[in-house]
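In: Sequence first, then the predicted structure, then my questions.
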Amino acid sequence: MTTTSLAVLVPLLPFLGAVAGLLLGRTAPGFVRPLAVLPPLASLVIAVLVAVRQGGDQAISAATELTPTGSVPIELALYIDGFAALVAVLVGVVATCVQIYSTGYLRDDPRYPSYAALVSLFTSAMLLVVYSGDLIVLLVGWEVMGICSYFLVGHYWETPEARAASLKAFLVTKLGDVPFLIGLFALATDAGSFRITTVLGTVASGGLHHPTLIALLLLAGVAGKSAQFPLHTWLPDAMAGPTPVSALIHAATMVAAGVYFVARLLPVFQASSAAMTVLAVMAAVTMAGSALAALAQDDIKRVLAYSTIGQLGYMTGALAVGDRGAAVFHLLAHGAFKALLFLAAGVIIHASGTNSLAVMSRMKDLRSRVPDAYWTMTVALLALAAIPPFSGFFSKEAVLGAAEHVATGHTEHAPGAAGWIVLVAGLITAVLTAAYATRLWLLAFHGRGAEAPDHGRQPVTMTAVLWVLAVPSLAFGLLYGPLPDWFDGRDLTPVLTTSVLGTGLALVGGLVTYGAWRQTSAARVPLGAVAAHPDADGGQVEAEAIAGHAAAFGDVAYAPDPADPGRLLLGPLHRHAAVGFHLDAVYTVLFVRPVQAGASLVRFLDREVVDTYVRAAGDLPRWLGAAVRRAQTGNVQTYVSALLAGTVVLVVAALLVATGA
């Protein structure tokens with residue numbers, strides 16, 4: 001079978017698995033789990049084979065016209081270069097692990113068949129984006145992922161949080177998709193084709209007439225899909241969905257699609273210095289702001305969500321300095337350790353019965369209840385903090401090294417200002433990333449208080465995939481030597497200056513957080529007092545979670561406020577960082593309330609003005625009919641009397657007219 005034929009099967013098999021799962025979910029439930037696991041597993045095997053055949057050499061390209069349009073043609077096209085082949089393997093690995101993990105995590109969920117089918121469809125859509133050589137076909141996968149995320153984030157639709165989160169994710173990403181679609185049409189108009197190779201050829205020949213406008217329109221969609229400032233607010237709320245869904249969205253699909261799109265079309269953005277500078281500023285604000293917010297979160301999944309936003313900021317920062325090799329390298333490394341972090345968090349939540357780090361910090365020896373999650377999450381957090389030799393160290397240093405090259409003028413792939421912006425923000429984020437990673441590790445696994453609840457051993461399908469993902473989290477970075485062949489010849493060897501500086505700052509962030517934890521962990525507050533009153537900075541402790549554990553932990557439990565090193569490190573900034581620096585409140589004032597006010601006005605006009613006219617149009621004939629109906633009594637004498645009276649009136653009127661004449 002040819003490589004092209006194999007490549008077609010990669011997105012097709014999960015799609016067929018999704019269709020079969022939806023059709024057989026109720027009639028043949030015994031087939032649901034095999035249909036959930038086998039198609040993405042087969043797709044992974046084929047993606048690996050395609051990657052081996054591609055080998056990082058010349059791109060695989062094939063196309064056939066999908067439908068005549070009369071103007072710009074739409075083609076069913078494949079374009080698989082080195083990093084597309086590797087990203088497809090990442091998607092296959094994470095999707096397979098998520099499906100296997102979900103068989104245990106959601107084993108008692110009555111909606112598991114539809115969930116598994118949607119995960120397969122999600123996987124198929126992302127693989128379509130990765131392999132597509134036509135922008136319209138890519139857009140199909142792009143939008144299908146948005147629909148799947150809506151249903152998967154809202155999987156627990158009984159809860160208002162899940163319903164609100166799914167709606168928010170859909171609306172915010174669609175807000176970016178509108179200018180994104182306009183940008184795609186403008187790009188195709190200038191290039192005369194939606195074919196990616198043709199577009200890149202047009203850019204190379206200087207045929208792009210509106211590069212800045214097109215790049216900025218496309219960046220709006222990228223900001224929404226990849227949760228970059230200012231359209232990142234949907235991602236933390238999306239944690240209301242099942243934890244395996246979070247792993248899939250954060251590691252290999254959805255948010256990775258925006259970064260991948262910019263990497264695929266990087267020359268389009270490089271054609272505009274203004275767009276590259278905007279991308280650098282967006283990346284810098286996203287990196288630093290999300291890291292500060294992560295340091296203030298109590299929900300373990302929200303910590304990881306803000307972490308994802310920050311790491312995506314590193315990727316967009318690498319793209320802002322014109323280095324797609326470093327960006328995709330970090331995308332691959334991050335995909336492994338972030339999937340591991342979320343799936344390990346799912347095991348912890350499953351064992352402890354809570355998402356709250358404040359509650360976990362009152363549980364003694366939680367790590368002994370979940371040893372697999374403890375050791376694998378430790379590996380993933382070290383990779384996240386970019387401690388050598390874990391994978392995150394090599395990929396993050398590739399980003400910082402690329403920024404340093406641009407900042408110091410060693411390369412002209414991007415404006416020098418963009419290099420300095422990304423470099424400074426990246427170093428600041430390195431400190432904060434190590435700080436919140438250390439904080440999560442200490443609060444989750446080194447709590448002091450009552451014994452952690454014992455819910456028995458976790459299903460092997462949940463724990464086994466943790467060790468599978470721990471391998472690339474530890475060893476993927478060690479492959480940086482042969483990887484340049486897959487990334488346009490880019491040398492990914494860490495730069496000594498940024499390596500020493502970045503690692504030193506990460507160690508400082510971890511040690512300072514450990515010291516703050518040691519200092520604050522001696523404070524004890526009665527559990528009932530904490531549950532009943534807001535904390536000193538105005539944030540409300542989750543009373544339900546605390547009350548639910550009151551019987552187990554009693555008054556010896558640690559309060560979340562004094563025992564949280566993040567509160568000590570952030571000081572007065574903590575209360576603002578905990579709510580994402582009030583960006584949702586700003587959007588509420590600027591957009592939500594005006595839209596609601598406009599909707600109320602339209603409803604008033606429709607009800608009081610339009611409906612009034614409609615009702616009047618119906619009431620007037622009814623009133624006239626009622627008046628005429630009163631004259632129709634059915635009494636002959638009344639009719640004769642009326643006739644005589646009319647005759648008299650006519651005679652009198654005639655006499656008056658004659659007299660007047």
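Out: Arrived safely, thanks for sending.
In: Residue 331 touches residue 260, doesn't it?
Out: Yes - applying Cβ atoms under 8 Å, one finds residue 331 in contact with residue 260, separated by 7.1 Å. C-betas here are computed from N, CA, C, even on glycine.
In: Need the residues touching each of the two.
Out: Listed contacts common to residue 331 and residue 260 are residue 87; contacts here mean Cβ atoms under 8 Å, 6 or more residues apart in numbering.
In: and the closest residue to residue 329 other than its chain neighbours, what helix or strand is that in?
Out: Distance criterion Cβ to Cβ, 6 or more residues apart in numbering; nearest residue to residue 329, sequence neighbours excluded, is residue 395 at 4.8 Å. Element membership for residue 395 (DSSP states H and E) is helix 391-407.
In: Dump that helix to PDB, keeping only the CA atoms.
Out: Provided in PDB are the C-alpha atoms of helix 391-407 (Å, rounded to 0.1, in the frame of the first residue of the first chain):
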ATOM      1  CA  SER A 391      11.900  16.500  28.100                       C
ATOM      2  CA  GLY A 392      10.500  19.900  29.000                       C
ATOM      3  CA  PHE A 393      14.100  21.200  29.600                       C
ATOM      4  CA  PHE A 394      15.200  20.600  26.000                       C
ATOM      5  CA  SER A 395      12.100  21.900  24.300                       C
ATOM      6  CA  LYS A 396      11.800  25.000  26.500                       C
ATOM      7  CA  GLU A 397      15.500  25.800  26.100                       C
ATOM      8  CA  ALA A 398      15.000  25.500  22.300                       C
ATOM      9  CA  VAL A 399      12.400  28.200  22.600                       C
ATOM     10  CA  LEU A 400      14.500  30.500  24.700                       C
ATOM     11  CA  GLY A 401      17.600  29.900  22.600                       C
ATOM     12  CA  ALA A 402      15.600  30.900  19.500                       C
ATOM     13  CA  ALA A 403      14.500  34.000  21.200                       C
ATOM     14  CA  GLU A 404      18.000  34.900  22.200                       C
ATOM     15  CA  HIS A 405      19.300  34.400  18.700                       C
ATOM     16  CA  VAL A 406      16.700  36.900  17.400                       C
ATOM     17  CA  ALA A 407      17.200  39.400  20.300                       C
END
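In: Do a quick rundown of the strands in this structure.
Out: Taking DSSP state E as the criterion, the chain carries its strands at 60-67, 74-80, 363-364, 450-451.
In: Run me through the strand neighbours of the last one, direction for each.
Out: Within its sheet, strand 450-451 is paired with strand 363-364 (parallel), according to DSSP bridges.
In: So which residues make contact with the partner strand?
Out: 352, 447, 448, 449, 450, 451, 452, 453, 553.
In: okay, and for the protein, where does confidence drop off?
Out: 454-456, 479-493, 522-563, 661 (pLDDT under 70).
In: Residue 569 is in contact with residue 516, isn't it?
Out: Yes - between residue 569 and residue 516 there is a contact under Cβ under 8 Å: 5.4 Å.
In: more crowded one of these two?
Out: The neighbour comparison of residue 569 against residue 516 (other Cβ atoms under 10 Å) goes to residue 569, with 23 against 20.
In: who touches that one in this structure?
Out: Residues in contact with residue 569 (Cβ under 8 Å, 6+ apart) are 295, 435, 512, 513, 516.
In: how many other residues sit next to the third one?
Out: Read that as residue 512. As a burial measure, residue 512 scores 17 neighbours (other Cβ under 10 Å).
In: circling back: which of the contacts of residue 569 fall within helices?
Out: 435, 512, 513, 516 (DSSP state H).
In: possible to save the residues you listed as CSV with distance to residue 497?
Out: Output for these, formatted as CSV (distance: Cβ to Cβ, whole Å):
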residue, distance to residue 497
435, 22
512, 23
513, 25
516, 29
